[in-house]
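1. Any chance you can model this:
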Amino acid sequence: MGPQNLPEQIRNLRNRIESAARATGRNADSVTLLAVGKGQPVNMLREAAQLGVRDFGESYVQEALEKIDALRDLELTWHFIGRLQANKTRPVATHFDWVHGVDRLRIAERLAEQRPFHAPPLNVCLQVSVAGELTKGGVGTADLPALAAAVARLPRLKLRGLMCIPPDEEDPQRQRDWFAALRREFAALNATGAGLDTLSMGMSGDFESAILEGSTLVRIGTALFGPRPVTLTGSRTP
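-> Modelled structure (predicted):
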């Protein structure tokens, strides 16, 4: 798959998103397509933007900064996805609009300290470990309420919602079960007045199941751009 296939791929993805949203009585506009461009060339991201994609996700800080600079004329929305190391918080706080994957208070505190005063608040989603897998980041459900409350109090951050990377499942119902678990945590926090509006869940292999369970943002990489030139060992494909 190459850039010449992007119009078809984007149309197909938007149709699938619309169908899944409609099945839950929602409008397709309630689901944001986040294009995961890590490992993909700048020209491919530019073409996707020219085709109407406005939100882009990156996981490698240096690669992301180069892309943000190269595509600055397009005024895109940039999301950092994945687990963030403490020594990488400053460039993320400075150059990104969203961070998905915060699961430690210290990381949130550093982002708040390093977010420029002239910039709008940095949107944050907390990563939740819905299955307790040791190989993945994420706050446990028992510790989630305390972390959410602490992050919500930090200046220059805006706690928007939750995200997860569930176990890799082929069966759609098992996929839905994991996403339903995150949705329940989301609802529980909102019942206490958290005011969350974003459920970042669903990737290339399971995004329709995620939408059926209430996802408002799906992180799509290979289903949009094709395989990355370099694949991360031990990570699921967005």
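2. Is Val128 bridged to anything, and to what?
-> Beta-bridge pairing of Val128 under DSSP bridges involves Val139.
3. Which residues are in contact with it?
-> Shown in contact with Val128 (Cβ atoms under 8 Å, 6 or more residues apart in numbering): Asp103, Gly138, Val139, Gly140, Thr141, Leu144, Leu162, Met163, Cys164, Leu182, Glu185. For glycine as for every other residue, the C-beta is placed from the backbone atoms N, C-alpha and C.
4. And the pLDDT for the third one?
-> Each residue has a pLDDT score; the one for Val139 is 96.
5. so it makes contact with Cys125?
-> No. Contact criterion Cβ atoms under 8 Å: Val139 and Cys125 do not qualify, at 11.4 Å.
6. thinking again about what came up before, want to throw the contacts of Val128 into TSV with secondary structure and distance to Met44?
-> Below are the contacts of Val128 laid out as TSV (DSSP: H, G, I helix; E, B strand; the rest coil; distance: Cβ to Cβ, whole Å):
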residue	secondary structure	distance to Met44
Asp103	coil	30
Gly138	coil	30
Val139	strand	33
Gly140	coil	37
Thr141	coil	37
Leu144	helix	36
Leu162	strand	29
Met163	strand	24
Cys164	coil	27
Leu182	helix	30
Glu185	helix	35
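7. Buried subset of those as a ChimeraX selection?
-> Buried residues among the contacts of Val128 (16 or more other Cβ atoms under 10 Å), as a ChimeraX selection:
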select :103,138,139,141,144,162,163,164,182,185
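8. Most widely separated two among the contacts of Val128?
-> Spatial extent of the contacts of Val128 (Cβ to Cβ) is set by the pair Gly140 and Met163 at 14.6 Å.
9. For the chain, give me the ranges with low pLDDT.
-> Low-confidence segments of the chain (pLDDT under 70): 1-4, 229-237.
10. now the strands for it?
-> Ranges of strands in the chain, per DSSP state E, are 32-36, 55-58, 77-80, 98-102, 122-127, 157-163, 198-200, 217-220.
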